[in-house]
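> coords below, sequence missing:
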């Protein structure tokens, strides 16, 4: 094959010098990007939901059976999910640091392996120490490695426009709602050991699909969906790598992480104390549990709604409005409220709580850029840990010392106001990043 060697002539496989060479069709590239992006969304949805659904959803339905199986008391059983949450929080910055170095695909595959081994181990373990060790060393790390942060990073890589909505789709807690029902239904048929082995098998079946993960569109010569064209073309953000020192000195990151921590911590507190609050007000245990279930179901809607709102408007404004709205509905638990008002509270709590992660992901992406998304997201989760672990026990302490829930509820309302104001303070930075199409405005 003769190649034109004249000055300025194109050469190599992209040269338009033979009949076999065809120009790249931009529409075909875009279609391929969308096809792969949807595939990544589906794999992310399955990985997140199976990991979270098996860990949290199944545990809630199996807790009494596991208590008898391991001859554990309520204190030990109460530690299980606390250990998982602590593991997720501690590992978040580590995962964020490792993603650019090891890749998302091997990380999520390893997470599925650990989680599957953990559930298989539970089926044969015999002591409460083994129970805690398996959740702390296998299931907790495994679900973190195949869960929220890797999935968010994957979709942030594949979507330049609309990433909030697609992250919301992938992080819909569908199986968290369905798994407890399915577990209760299947328990008399297969027994607790059979359920645990089934969870191990389902998690292992994820691996062939996770092998299909492509971390970034650039690996296939594609652009992210909706990528803005620039002189340098599409592709990975060309940005300085942020360090821990940069983030610790960054008021935008501190404000964002603190606001998110308060909102998430208030959700943990509400989940822990809603039933006691309502029972003290004279409502039945069944009604209280129903309202919690409503919140869990509406969290599915919130994940998509907040992600889409963050895409369309300012992500910081969306987060601020979510905090202010929750602040308002918390008053329903203080005043003598009808069931209708309590139902409104449950719906809004579910929507706002379910939408936190997807809206925050959009904000991190816009301000710090795609290249730093995983590290910044992981580090911000570490800053949020104190609120996740302290708000609920502090509310319980204030209830015990004051004799009622009025003071703890007012404290949470005040903190949600702070969270809303912190997010409003970030709006200007986000606006500047969007106007200049320049992430890292927060570090300028």
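Thanks, I have the structure now. Everything numeric in this text was worked out from a predicted model, so none of it was measured.
> CA only for contacts and neighbour counts going forward, please
OK.
> what about residue 394, neighbour count?
15 (other Cα atoms under 10 Å).
> got the contact list for it?
residue 408 (Cα atoms under 8 Å, 6 or more residues apart in numbering).
> host element of it?
helix 373-402 (DSSP states H and E).
> report the buried residues of that helix.
By neighbour count on 16 or more other Cα atoms under 10 Å, the buried set for helix 373-402 is 373-385, 387-389, 391-392, 395-396, 398-399.
> chain neighbours aside, what residue packs nearest to the spatially most central residue of the chain?
For the chain, the residue nearest the mean C-alpha position is residue 148 (3.8 Å; Cα atoms, centre = their mean). Nearest non-adjacent residue to residue 148, counting by Cα to Cα, 6 or more residues apart in numbering: residue 48, 6.4 Å away.
> now do that neighbour against residue 154, distance only.
12 Å (Cα to Cα, to the nearest Å).
> out of these two, which sits in the busier spot?
Neighbour count, other Cα under 10 Å: between residue 48 and residue 154, residue 48 has more, with 29 against 26.
> tell me the mean pLDDT for the host helix or strand of that one?
Secondary structure from DSSP H and E places residue 48 in helix 26-52. Average pLDDT, helix 26-52: 91.
> after it comes which helix or strand?
helix 58-70.
> just give me how far that following helix sits from the chain centre.
25 Å (Cα atoms, centre = their mean, to the nearest Å).
> show me what the following helix or strand past that helix packs onto, helices and strands only.
As assigned by DSSP H and E, the chain's next helix or strand after helix 58-70 is helix 74-102. Packed against helix 74-102 by the contact rule (3 or more Cα pairs under 8 Å, 6 or more residues apart in numbering; DSSP states H and E) you find helix 58-70, helix 128-134, helix 140-145, helix 148-158, helix 373-402.
> just want the angle from the fourth one to helix 74-102.
Okay, so that is helix 148-158. 30 degrees (axes from the mean of the first three to the mean of the last three Cα atoms, to 10 degrees).
> beyond helix 148-158, next helix or strand please.
Criterion used, DSSP H and E; the element after helix 148-158 is helix 163-170.
> who's in contact with that following helix?
41-42, 44-46, 48, 151-152, 155-156, 302-308, 310-311, 355, 357-359, 361-362.
> residues touching the residue lying closest to residue 405 once chain neighbours are set aside, list them.
Excluding the flanking residues, the one nearest residue 405 by Cα to Cα, 6+ apart is residue 399, at 5.2 Å. For residue 399, the contact set (Cα under 8 Å, 6+ apart) comprises 405-408.
> what about residue 150, neighbour count?
27.
> I'd like the numbering to begin with 29 instead of 1 from here.
Happy to do that; since the first residue is 29 now, the last one works out to residue 178.
> which residues does it contact?
Listed by Cα under 8 Å, 6+ apart, the contact set of residue 178 reads 123, 127, 132, 135-136, 402.
> which sections of the stretch 179-328 of the chain are below the confidence cut-off?
256-268 (pLDDT under 70).
> where's residue 309 relative to residue 428, distance?
Going from residue 309 to residue 428 by Cα to Cα gives 16 Å.
> oh sorry, the question was meant for residue 372
Where residue 428 is concerned, residue 372 sits at a distance of 28 Å (Cα to Cα).
> ok, now residue 213?
38 Å.
> now do residue 318
26 Å.
> same check, this time on residue 118
30 Å.
> same question, residue 161
32 Å.
> name the nearest residue to residue 458, sequence neighbours excluded.
That would be residue 395: by Cα to Cα, 6+ apart, it lies 6.0 Å from residue 458.
> hmm, I typed the wrong one, I wanted residue 375.
Using Cα to Cα, 6+ apart, the closest residue to residue 375 is residue 323 (5.4 Å).
> I'd say that neighbour and residue 379 touch.
Yes. The pair formed by residue 323 and residue 379 meets the contact definition of Cα atoms under 8 Å, at 7.4 Å.
> can you put the contacts of residue 427 in a markdown table and add neighbour count?
Converted to a markdown table, the contacts of residue 427 look like this (neighbours: other Cα atoms under 10 Å):
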| residue | neighbour count |
| --- | --- |
| 433 | 21 |
| 434 | 17 |
| 435 | 16 |
| 436 | 21 |
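> what is the nearest of those to residue 451?
Closest approach between those and residue 451, by Cα to Cα: residue 436, at 22.8 Å.
> that closest one: what's it in contact with?
422-424, 426-427.
> one more time with 7 Å
Residues in contact with residue 436 (Cα atoms under 7 Å, 6 or more residues apart in numbering) are 423, 426-427.
> quick one, the helix or strand harbouring it and helix 401-430 angle?
For residue 436, the host element (DSSP H and E) is helix 434-452. Using the same axes, to 10 degrees, one finds that helix 434-452 and helix 401-430 are set 160 degrees apart in direction.
> now helix 434-452: buried residues?
Applying 16+ other Cα under 10 Å to helix 434-452 flags 434-441, 443-452 as buried.
> again, but for stretch 67-79
Neighbour-count burial for stretch 67-79 [16+ other Cα under 10 Å]: 67-79.
> and the closest residue in space to residue 122 that isn't next to it in sequence, how far is that from residue 147?
Once flanking residues are discounted, residue 122 sits nearest to residue 406: 7.2 Å by Cα to Cα, 6+ apart. To residue 147, residue 406 is 26 Å away according to Cα to Cα.
> returning to what we had before: and the residue nearest to residue 458, its phi and psi?
phi -90, psi -40 (degrees, to the nearest 10).
> what pLDDT does it get?
90.
> that one contacts residue 459, correct?
No. Between residue 395 and residue 459 there is no contact under Cα atoms under 7 Å: 9.2 Å.
> who's more crowded, the two?
residue 395 (26 against 18).
> residue 383: how many residues sit nearby?
31.
> buried sites along the helix or strand where it lies?
Taking DSSP H and E as the criterion, residue 383 maps to helix 367-396. Going by neighbour count (16+ other Cα under 10 Å), the buried part of helix 367-396 is 370-396.
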